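Q: give the three-dimensional model of this entry:
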Amino acid sequence: MKVRIDKAALAVPLYRAQGVVDRKTTTNVTACVHISAGEDGLTFSATDYDVTITAEASAEVMEQGAVLVNGRALFDVVRALPDESIVQLTSDDNHRLRIEAGRSYFHLNGIAPEEFPPSAMEAGGGKSLICDKSQVQAMLRRTLFSVLADDSRPALSGVLLEIEPEAAGQARLRMVSTDGHRLSKAERTVAATDYDGTKYRCIVHRRGAAELQRILDGSDPSVRIEFVGRNVVFSSDKARLQIRQIEESFPDYSRVIPERGDAVITLATSSLLSSIRRVSSLANNKDATLRVEIADGIMSLEMKHQDVGEAHEEIELPDSAGVRLKVGFNPRFLMEVCGVLETENITLEMSDQFSPCLVHSDEEPGSVFVIMPMRL
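A: As a prediction, this is how the structure comes out:
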């Protein structure tokens, strides 16, 4: 293999591929990126068997061939090269890859490219639809942060994706996530082409969902969502991301979302976010409790650190006359919701210190969040 390619064109597929590779090992196939040079340019592939990505890039191909080298190492080398460099990649019979740019050159040891599993990426042709990429991005941003951070409960280790038919040429997309202490739900009605009206429901593993964010950063305005066997595949901007579905039953999220709260508080999103940040600045315990008290048109926020001290701040609530309530929250949960809701105002609905808090905004009716309180 011998090719020449602009650094910027090379960095994009490598950035996408290196997110999938295993960083705990250096020689295993799952730590490597497979690079294939054909008539039309380069194809990059990486897999950990649960998540597989292929990405394409245009290049001047002088000799066709393939190489399999450590993905993270190659990405680090390319990233360190001067901007606007022209990079030459050359492989030899010992599976070594030579990277040249200007007066710099590097050699990376590889393994036989035939060891990359040919069946890692399923063939296309499954049920699919094409929709606006920005809608999927927005929903993913509003749900990925509240996915369970480990695999102790597999059903909660990913984002639930539901697709339902709406009017002709439209589909209803819904994403839901929960870690058992909070829940996030986002839904949109989107224009959908190549959609046959079939209902879909799957759990997208958090690792795959995180990689989906990478391929949605490109210039392509649309994304194809395809269901192939036990996998869901997202294609956009010359990249194809295949994610193995989690074959578990997602909890009935509709039973978790409360109808209404007895106390309804609406305030500026930025004001709530900045106030929580300030009062939590003394706390060094991620499980520290934010004490919220509402009375006489004032929301009081307070946090205590046993060894350092305490912080207190008040926010005026002119429309909350008659509301009296004391409740505790994990401050991070509230801050993360404020961070993803791109609205001027936010509404909190609560009944008492033991009931779930419903968080939403009238400016974005498709997004709903539920936060369980902490004991005071």
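
Q: show me where the stretch 51-200 of the chain has strands.
A: 51-57, 60-63, 65-70, 86-91, 97-101, 104-108, 110-111, 127-132, 158-165, 170-178, 182-191, 200-205 (DSSP state E, counting those that start in this stretch).

Q: of those, which is nearest residue 318?
A: Between residue 318 and those, the shortest separation by CB to CB is 28.3 Å, and it involves strand 182-191. C-beta coordinates here come from the backbone N, C-alpha and C atoms, glycine included.

Q: what's in contact with that closest one?
A: With contacts defined as CB atoms under 8 Å, 6 or more residues apart in numbering, strand 182-191 is touched by 131-132, 135, 138-139, 142-143, 145-146, 166, 169-178, 253, 256-257, 333, 337, 366-372.

Q: 7 Å - rerun?
A: For strand 182-191, the surrounding residues in contact (CB atoms under 7 Å, 6 or more residues apart in numbering) are 131-132, 135, 139, 142-143, 146, 166, 169-177, 253, 256, 333, 366-372.

Q: that older thread, in TSV: the strands of the stretch 51-200 of the chain, plus mean neighbour count and distance to residue 317.
A: Listed next are the strands of the stretch 51-200 of the chain as TSV, based on neighbours: other CB atoms under 10 Å; distance: least, CB to CB, whole Å:
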stretch	mean neighbour count	distance to residue 317
strand 51-57	23	45
strand 60-63	13	64
strand 65-70	22	56
strand 86-91	20	58
strand 97-101	18	59
strand 104-108	14	60
strand 110-111	20	63
strand 127-132	19	37
strand 158-165	21	33
strand 170-178	22	29
strand 182-191	21	23
strand 200-205	20	38
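
Q: which one of those lies closest to residue 223?
A: Between the strands of the stretch 51-200 of the chain, strand 127-132 lies closest to residue 223; by CB to CB that is 6.5 Å.

Q: distance from that closest one to the middle of the chain?
A: Distance of strand 127-132 from the chain centroid (CA atoms, centre = their mean, to the nearest Å) equals 19 Å.

Q: so what's residue 39 scoring on pLDDT?
A: At residue 39, the model reports a pLDDT of 89.

Q: what sits closest to it if chain neighbours are left out?
A: residue 61 (6.9 Å; CB to CB, 6 or more residues apart in numbering).

Q: just the pLDDT for residue 321.
A: pLDDT, residue 321: 75.

Q: returning to what we had before: can you redo the strands of the stretch 51-200 of the chain as TSV with distance to residue 352?
A: Formatted as TSV, the strands of the stretch 51-200 of the chain follow (distance: least, CB to CB, whole Å):
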stretch	distance to residue 352
strand 51-57	42
strand 60-63	67
strand 65-70	55
strand 86-91	62
strand 97-101	63
strand 104-108	61
strand 110-111	61
strand 127-132	41
strand 158-165	29
strand 170-178	21
strand 182-191	18
strand 200-205	32
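
Q: residue 343 is nearest to which of those?
A: strand 182-191 (12.8 Å).

Q: so where's the stretch 201-350 of the chain shaky on pLDDT?
A: Flagging of the stretch 201-350 of the chain using pLDDT under 70 yields the residue ranges 284-287.

Q: one step back: so which of the strands of the stretch 51-200 of the chain comes closest to residue 214?
A: Short answer: strand 51-57, nearest of the strands of the stretch 51-200 of the chain by CB to CB, at 8.5 Å.

Q: in its sheet, what does that closest one sit against?
A: strand 41-47 (antiparallel), strand 239-244 (antiparallel) (DSSP bridges).

Q: relative to residue 33, which of the strands of the stretch 51-200 of the chain is closest?
A: Using CB to CB, the nearest of the strands of the stretch 51-200 of the chain to residue 33 is strand 65-70, at 6.6 Å.

Q: in terms of secondary structure, what does that closest one contact?
A: Counting contacts by 3 or more CB pairs under 7 Å, 6 or more residues apart in numbering; DSSP states H and E, strand 65-70 packs against strand 32-38, strand 110-111.

Q: what's the angle from that strand to strand 97-101?
A: Here strand 65-70 runs at an angle of 90 degrees relative to strand 97-101 (axes from the mean of the first three to the mean of the last three CA atoms, to 10 degrees).
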